[in-house]
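# my questions are about this predicted structure, shown below with the sequence.
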Amino acid sequence: MNDFDLVVIGGGAAGEKGAVQAAFFGKKVALIEKEPVLGGAMVNTGTLPSKTLRETALYLSGFRQRGLHGVDMALGRAARIDEFLYRLDQVVKAEHGRMGVNLSKHGVTVLHGAASFVDPHTVQVGGERISGRHVLIATGSRPHRPPSFPFEQPHVYDSDEIVRVEALPSTMAVVGGGVIGCEYACLFAALGTKVTVIDSKPTVLGFLDGEVVGWLLERMRALGVVFRLESQVAKCEAAPGVVRLGLDRGAPLEVDVALICAGRNANTDSLGLDQAGIKAGKRGLIEVDARFRTNVPHIAAVGDVIGFPSLASTSMEQARVAVVDFFDLKYKTRVAPLFPYGIFTIPEVSMCGETEESLSKSGVAYVKGIANLAENPRGMMIGESGHLKLLFRREDMKLLGVHCIAEGATELVHVGLTAMLAGAGADLFIEACFNYPTLSDAYKYATYDALQRKARA
């Protein structure tokens, strides 16, 4: 009864999909989750909670309706914390149920408890040992907690804790201008919190196209977000009702709440990896090959535990590929070489492929095209003022990069993603007929803009 074809350690995004993939093809599968509920960071502390809170903030603040229809929809009162968290609880509960039903429907045995290797094929869960012909490690990650910050104090949060903030703060410092930091900065700013983002780099989100970062900074500053860039926190102290931050440059800062976004650590330290013959690297990361196998061939690792890109979307696909490879299922053999980034700031930002900076660095001649969504009929209706930016190879006008800043950017980017996966270019968008009026029609006009720029050059 304790022998399985596949043992999956971790019941988050990747763990669920890997387990179900194997079970779908008739394999005997056990999934181990150390927490009482399934979902991992994706469901309980990270992806879904943060995005649900964002939608709640937009609703409670009337942000999407500001300036439309001649009606002032700005938040006329302080939102109560129970209102802020209500929808979050509903979404998380529903996803717990969906995952449980999906695993049960496919016959996956679910065990709750901390897992650790006894040997390369045997895992201990509580007082029970189970063995697996193959093992998939999908234990996710947790926020990195620099020792210089007093996380034991009630108003100093990491990014997992902030989803259960005790009260909506009047002022907040966000230490770290990465994806998570910028997302939460926008979320709380939309609710009226005065937010200051502190980062040691000269800009935020440096992996994005530079022009898009410029547009985003404009929009975040319009929300009221203040940036203290090229600055580091030299000292952090917390007292009842206040957090004091001393910076290496400029005046110190006093805020109600500090959110520390300093990256994440892989959840591998308690797995007993050495008993399986696996060695973890910096921040607990596990090295894998192109098929996601570790140095022990029957053990694979996927998701946050292997590092970049550490996205829920790619983690799920990695798990499916690893399982197909384990059992030679002749099904999904790779993760697509192109994948989109979705950043749920206000507005959303999404991209796929090359940036102007990466193309310039590699010496590829390109032409860009930009569609202003404020001039798009659908954009006018909904008050959208973002942009769609396309990058084409000048030689043959093949699409190399797509960048969007707008509400719905994380959906809109998929048109360009699909075109790039198909190897398409400008002709596709010129010939395509899009629904009217829609934001997707901006692809045609961004392409027209690129063709005009090329003709003028």
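Yes, it's here.

# show me where pLDDT drops low in this protein?
Low-confidence regions of the chain, defined by pLDDT under 70, span residues 1, 65-79.

# from what I see, Lys279 and Thr268 are in contact.
No. Assessed by Cβ atoms under 8 Å, Lys279 is found out of contact with Thr268, at 10.1 Å. In short, each C-beta sits where N, CA and C put it, glycine included.

# who's more crowded, those two?
Thr268 (23 against 11; other Cβ atoms under 10 Å).

# quick one, what contacts that one?
Contact partners of Thr268, counting by Cβ atoms under 8 Å, 6 or more residues apart in numbering, are Ile137, Thr139, Ala280, Gly284, Leu285, Ile286, Val305.

# what about the strands in the stretch 1-150 of the chain?
All strands of the stretch 1-150 of the chain, identified by DSSP state E, counting those that start in this stretch, fall at 3-9, 29-33, 109-112, 115-119, 122-125, 128-137, 141-143.

# give me the helices and strands touching the fifth one, please.
Contact here means 3 or more Cβ pairs under 8 Å, 6 or more residues apart in numbering; DSSP states H and E; on that basis strand 122-125 packs against strand 115-119, strand 128-137.

# pick the most deeply packed of those.
strand 128-137 (a mean of 21; mean count of other Cβ atoms under 10 Å).

# now that strand and strand 115-119, what's the angle there?
Inter-element angle recorded for strand 128-137 and strand 115-119: 100 degrees (by axes from the mean of the first three to the mean of the last three Cα atoms, to 10 degrees).

# helices or strands next to strand 128-137 in the packing?
Other helices and strands packing on strand 128-137, by 3+ Cβ pairs under 8 Å, 6+ apart, are strand 3-9, helix 13-24, strand 122-125, strand 299-301, helix 312-327.

# make it 7 Å
strand 3-9, strand 122-125, strand 299-301, helix 312-327 (3 or more Cβ pairs under 7 Å, 6 or more residues apart in numbering; DSSP states H and E).

# any of the contacts of Thr268 buried? List them.
Ile137, Thr139, Ala280, Gly284, Leu285, Ile286, Val305 (16 or more other Cβ atoms under 10 Å).

# tell me which of those residues is nearest to Gly97?
Distance to Gly97 across the buried ones among the contacts of Thr268 (Cβ to Cβ) is lowest for Thr139, with 22.5 Å.

# just list the residues touching the closest one, thanks.
With contact set as Cβ atoms under 7 Å, 6 or more residues apart in numbering, Thr139 has these partners: Ile9, Gly10, Asn267, Thr268, Leu271, Val305.

# try it again at 8 Å.
With contact set as Cβ under 8 Å, 6+ apart, Thr139 has these partners: Ile9, Gly10, Gly12, Ala266, Asn267, Thr268, Leu271, Val305.

# nearest to Asp158 among these?
Set against Asp158, the nearest of the contacts of Thr139 by Cβ to Cβ is Asn267 (14.1 Å).

# now do the helices in the stretch 351-457 of the chain.
For the stretch 351-457 of the chain, helices defined by DSSP state H, counting those that start in this stretch occupy the ranges 356-362, 377-382, 409-421, 426-431, 442-456.

# wait, the stretch 101-250 of the chain
With DSSP H, counting those that start in this stretch as the criterion, the stretch 101-250 of the chain has helices spanning 179-190, 210-222.

# please identify the deepest-packed of the ones you listed.
Scoring the helices of the stretch 101-250 of the chain by mean neighbour count under mean count of other Cβ under 10 Å gives helix 179-190 as the most buried, with a mean of 25.

# using PDB, write out every CA atom in it.
Only the C-alpha atoms of helix 179-190 are listed here, as PDB (Å, rounded to 0.1, in the frame of the first residue of the first chain):
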ATOM      1  CA  VAL A 179       7.500  42.500  -8.900                       C
ATOM      2  CA  ILE A 180       6.000  41.700  -5.500                       C
ATOM      3  CA  GLY A 181       7.000  45.100  -4.000                       C
ATOM      4  CA  CYS A 182       5.600  47.100  -6.900                       C
ATOM      5  CA  GLU A 183       2.400  45.100  -6.900                       C
ATOM      6  CA  TYR A 184       1.700  45.700  -3.200                       C
ATOM      7  CA  ALA A 185       2.700  49.300  -3.500                       C
ATOM      8  CA  CYS A 186       0.000  49.900  -6.100                       C
ATOM      9  CA  LEU A 187      -2.600  47.900  -4.300                       C
ATOM     10  CA  PHE A 188      -2.300  49.900  -1.000                       C
ATOM     11  CA  ALA A 189      -1.800  53.200  -2.800                       C
ATOM     12  CA  ALA A 190      -5.200  52.600  -4.600                       C
END
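
# gap between it and the chain center?
Offset of helix 179-190 from its chain centre (Cα atoms, centre = their mean, to the nearest Å): 13 Å.
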